[in-house]
Structures are given as C-alpha cells and as structure tokens.
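J.: Have a look at this fold, sequence not included:
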C-alpha cells in the first residue's frame with residue numbers, strides 16, 4: 001500500500017475538482033531543471049541493521065574535544081535543571097497557544113521570556129521567537145524595509161559572515177541593495193558606516209561584540225542614522241549583554257540575537273533560537289508570536305496572543321512573516337536558563353568568560369609569531385594571526401584533543417592564517433595553558 005492510500009479514482013476526482021489533468025500539473029511553477037529526475041533511495045533495512053548503522057555513524061563523532069570555537073555558537077555550561085524542567089510534558093509537547101483559555105501556562109511562559117530578553121537587551125518589546133540569529137537579522141531588515149519604504153541596507157563587514165551569507169540568500173529575489181562596509185582589521189569602521197548611511201537607507205546593521213569579538217559603542221552611529229530617518233539594527237551576544245552597554249541604551253531600533261548561548265547545546269547547528277526585540281514604535285512590524293498580559297472580566301490576570309490574528313499564519317505574502325512553527329520550546333529553555341542564573345549569575349558568567357579570554361590572548365600572543373588583531377576592548381572572543389595556516393593548526397591540534405578556534409580564511413580575504421578564538425566559563429586556565437603549549441609545539 002502506498003504511504004498515502006488514495007486510489008486512482010480518488011486522485012481523478014480530486015484533480016477534476018481543481019481543474020488539473022494530472023498530479024504533475026500541480027508542479028508546473030517549478031522549472032524542469034529544478035525537479036528531481038529520480039530518487040536513488042537504498043532498499044529498506046531491518047530495525048537491527050538500521051540501529052547498528054546509526055551507532056556506527058554516531059561513534060565517528062568527537063564529543064571529547066576541548067572546544068575554543070565560537071563565531072556565533074558557544075560552549076557554555078547548561079545547568080541540568082534546564083533539561084529537567086523543559087522536558088516536562090506540559091512544556092515539551094505544548095504547541096501554538098491559540099486558545100488562551102486552555103493555554104495560560106504556555107502563554108505566561110512566553111510572556112516571561114519576552115520580559116527577560118527585553119530587559120537583557122534594554123529594548124521595549126520582544127516576540128517569541130524566530131529560528132536563529134541569522135533569520136532574526138533577516139526579519140529585522142524586513143521590518144526596516146516595511147517601516148521606511150526604502151530598500152538600501154548598510155551592513156558592517158564585522159557582522160557575522162555566516163549571517164551575511166544568509167541575508168544574501170534570503171533576499172536574492174527581493175531587489176534590496178546591500179552596501180557592505182569593510183571593518184578596520186578586527187574593529188568596526190564606525191565613520192565609514194556613518195558616511196554610507198544616507199537619505200535612501202532603510203537600516204544600518206552592526207554587531208556587538210562584533211564577529212572578531214571587539215566591543216564597540218555605536219551610539220553616535222545610531223544617532224546619525226536617526227537623523228537620516230534610517231533604522232539601527234544590532235546583532236547581539238546575549239551572555240555578553242549582561243555586562244555591556246545595551247542596544248537600547250545605544251539607541252537601536254531593533255536588537256536581535258542568537259539565543260543558543262542561553263541554555264541550548266551546540267548540537268551540530270540547531271535547533272537554535274532567534275531572539276528579536278524592538279522599540280515600541282516598531283512593534284507592529286514585529287513578525288511572529290507576541291504575548292500580552294491583561295485582565296479578564298473578573299479582574300484576574302490573563303495572557304493572550306496580541307497584535308496578531310490567527311490569520312497571520314495563512315495570509316501568505318501579506319503576512320509580516322511566514323515563520324509560524326513552534327519556537328516556544330527553545331524560548332522556554334532560554335527563560336529557564338536566565339531564571340536559574342539570575343542577574344548576578346549572568347554577570348558573573350560574562351565576566352568570567354572575558355577574564356579567561358584575556359588570559360588566553362596573553363598566553364597565545366606570547367608564542368613566537370602570534371599576534372593579536374584586536375586593537376581595542378574585546379569580550380570572550382578574539383582573533384590571532386598565526387605564522388602558519390589556521391586550518392593546518394586546527395587539524396594538528398584536533399588530533400591532540402583540542403579545537404583551537406574558527407578559521408577566518410573562508411570568509412575574509414587575506415586571513416588564511418587568522419584564527420578566531422572563543423573562551424567560555426567552561427574553559428579552565430589549565431585547558432588554556434595546554435592549548436597554548438600544543439600550539440607552540442607546532443609553530
């Protein structure tokens with residue numbers, strides 16, 4: 001029996017109702033060159049054979065490596081209570097809370113998450129949420145385009161290049177003009193960004209700390225953008241925001257972030273959490289789910305989806321966004337993680353990451369031929385230039401149980417010998433010292 005048990009007569013009746021001659025007619029909008037010619041699927045296997053095969057593949061993964069990789073995804077410690085609480089059935093299986101009378105727990109959790117991230121980023125409003133940091137940045141751009149009716153976007157070259165690649169992909173058919181402003185080494189070129197923002201600019205996009213880990217104050221840039229009636233968008237790192245000047249304090253209109261550092265494992269790239277926050281003036285452009293708190297007819301506190309009708313998800317091109325799957329579980333993990341750590345815990349975590357990153361930078365730059373690219377302040381991430389290929393260094397140290405960082409040559413011309421090193425609270429001084437000694441041994 002086929003997977004969909006419709007008889008040929010069933011198919012003929014359905015096709016007749018919609019006026020199609022065949023099932024193939026339903027795909028005429030997809031060009032022939034984009035359709036698969038065949039599916040070369042292997043023959044089915046028994047359960048025992050499949051389990052053995054998957055165990056073999058799993059055994060090839062290296063979970064024992066000491067990780068200094070960052071570039072938007074970080075190896076932070078996750079308290080066991082995060083898994084214990086979010087794996088409860090009422091959270092783990094909860095789906096879209098369209099019926100508030102039956103979903104008060106889920107709605108309250110979403111509201112509390114929104115409250116926590118707006119306080120963390122110093123903004124007015126938040127949604128809950130989108131897929132990851134890159135899609136959040138794309139959605140922020142679309143908010144700016146809708147709000148300003150402009151199509152020119154100025155982007156700093158120190159914004160995560162993986163996100164910039166995603167933006168190019170997501171917007172390739174939207175007739176947007178992107179102006180990429182290169183950084184000055186590891187620093188954002190604030191003056192060049194100001195010069196690039198004009199009366200036709202929809203938004204200017206920066207990252208803080210930037211992709212190289214450098215910390216910068218963009219207040220003057222955002223004030224300049226406002227004078228041109230352009231919007232300011234910041235891509236932030238949530239953990240570092242516990243001790244840095246917030247996007248709100250700088251005057252940002254929209255602040256987004258990758259929420260993975262708040263209670264989600266690195267997990268081969270997902271699922272992650274796209275945090276989105278904005279000013280009150282921009283909230284009606286915000287995509288996705290927004291929960292508000294109100295009172296019922298008896299004066300009791302209640303929570304509801306607000307500024308969004310159910311039809312948001314079926315309005316196709318008229319919707320502010322077509323992101324409508326359940327991101328609430330990842331948001332729940334971030335909320336539980338933030339609540340477990342609290343204000344003081346988040347600040348201590350961020351400060352510990354910074355302290356150990358600076359210790360690592362000191363140890364590494366003491367090695368012959370190793371130099372630091374960051375000229376100013378940096379957080380828990382920094383870039384070093386090596387007297388050898390960064391990929392070669394990674395290969396040699398990985399064989400010894402250490403991944404020393406992220407190679408930048410793939411994304412930045414002339415940086416084949418540059419390594420981006422990230423240090424979290426999980427990295428001990430002993431591990432940093434061993435990594436420095438191993439690197440010194442191959443230079």
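T.: Received the coordinates, thanks. If you're wondering where the values come from, they're calculated on a predicted model, not measured in any experiment.

J.: Next, the contact list for the closest residue to residue 378 other than its chain neighbours, please.
T.: Closest residue in space to residue 378, ignoring its immediate chain neighbours: residue 213 at 4.3 Å, by CB to CB, 6 or more residues apart in numbering. Bear in mind the C-beta positions are built from the backbone N, C-alpha and C, glycine included. Taking CB atoms under 8 Å, 6 or more residues apart in numbering as the contact definition, residue 213 lies against 70, 186, 357, 374, 378-383, 420, 422.

J.: Show the secondary-structure elements that the longest helix along the chain is packed against.
T.: Counting residues, the longest helix in the chain under DSSP state H turns out to be helix 328-365. With contacts taken as 3 or more CB pairs under 8 Å, 6 or more residues apart in numbering; DSSP states H and E, helix 328-365 sits against helix 80-86, helix 89-92, helix 104-121, strand 371-372, strand 381-385, strand 418-422, helix 429-442.

J.: can you rerun that using 10 Å?
T.: For helix 328-365, the packing partners by 3 or more CB pairs under 10 Å, 6 or more residues apart in numbering; DSSP states H and E come out as helix 80-86, helix 89-92, helix 104-121, strand 274-278, strand 371-372, strand 381-385, strand 418-422, helix 429-442.

J.: Mean neighbour count, mean pLDDT and distance to residue 62 added to these, as TSV?
T.: Shown next, in TSV, are these (neighbours: other CB atoms under 10 Å; pLDDT from 0 to 100; distance: least, CB to CB, whole Å):
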stretch	mean neighbour count	mean pLDDT	distance to residue 62
helix 80-86	15	96	22
helix 89-92	11	82	29
helix 104-121	21	94	33
strand 274-278	30	97	28
strand 371-372	14	98	28
strand 381-385	25	98	22
strand 418-422	25	98	18
helix 429-442	16	98	16
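
J.: looking at those, which is closest to residue 60?
T.: helix 429-442 (23.0 Å; CB to CB).

J.: Could you figure out how far the closest one is turned away from strand 418-422?
T.: Interaxial angle of helix 429-442 relative to strand 418-422 (axes from the mean of the first three to the mean of the last three CA atoms, to 10 degrees): 170 degrees.

J.: which outside residues touch helix 429-442?
T.: 66-68, 355-357, 359-370, 384, 386, 388, 392-393, 395-397, 399-405, 419, 421, 423, 427-428 (CB atoms under 10 Å, 6 or more residues apart in numbering).

J.: switch to 8 Å and redo it
T.: Residues from elsewhere that reach helix 429-442 (CB under 8 Å, 6+ apart): 66, 68, 356, 359-360, 363-364, 366-368, 370, 388, 393, 396-397, 400, 402, 404, 423.

J.: closest to residue 218 out of the helices and strands packed on helix 328-365?
T.: Residue 218 lies closest, by CB to CB, to one member of the helices and strands packed on helix 328-365: helix 104-121, at 13.6 Å.

J.: by contact count, what packs against that closest one?
T.: Other helices and strands packing on helix 104-121, by 3+ CB pairs under 8 Å, 6+ apart, are helix 89-92, strand 125-126, strand 254-258, strand 274-278, strand 291-295, strand 301-305, helix 328-365.

J.: Mind listing what's buried along the fifth one?
T.: The neighbour-count check on strand 291-295 (16 or more other CB atoms under 10 Å) flags residue 291 as buried.

J.: avg pLDDT for that strand?
T.: Taken as a whole, strand 291-295 has a mean pLDDT of 93.

J.: Now stretch 224-241: average pLDDT?
T.: Rounded mean pLDDT across stretch 224-241 is 98.

J.: From start to finish, how long is that stretch in a straight line?
T.: 23 Å (CA to CA, to the nearest Å).

J.: Give the buried residues for that stretch.
T.: Buried residues in stretch 224-241 (16+ other CB under 10 Å): 224-225, 230-241.

J.: Strands - which of these land there?
T.: Taking DSSP state E, the ones among the buried residues of stretch 224-241 that sit in strands are 231-236.

J.: any weak-confidence spans in this structure?
T.: 1-3, 95-96, 308-317, 322-327 (pLDDT under 70).

J.: Nearest residue to the middle of it?
T.: Relative to the mean C-alpha position of the chain, the nearest C-alpha, by CA atoms, centre = their mean, is the one of residue 133, at 1.9 Å.

J.: Can you tell me the closest non-neighbouring residue to residue 164?
T.: Nearest residue to residue 164 in three dimensions, chain neighbours excluded: residue 155, at 6.4 Å (CB to CB, 6+ apart).

J.: Please enumerate residues in contact with the helix or strand encompassing the one you found?
T.: Assigned by DSSP states H and E, residue 155 belongs to strand 152-156. With contacts defined as CB under 8 Å, 6+ apart, strand 152-156 is touched by 141, 144-145, 164, 167, 176-181, 183, 188-189, 193, 196-198, 200-207, 210, 230.

J.: Could you spell out the sheet neighbours of that strand, each with its direction?
T.: Partner strands for strand 152-156, per DSSP bridges, with pairing direction: strand 177-181 (parallel), strand 201-208 (parallel).
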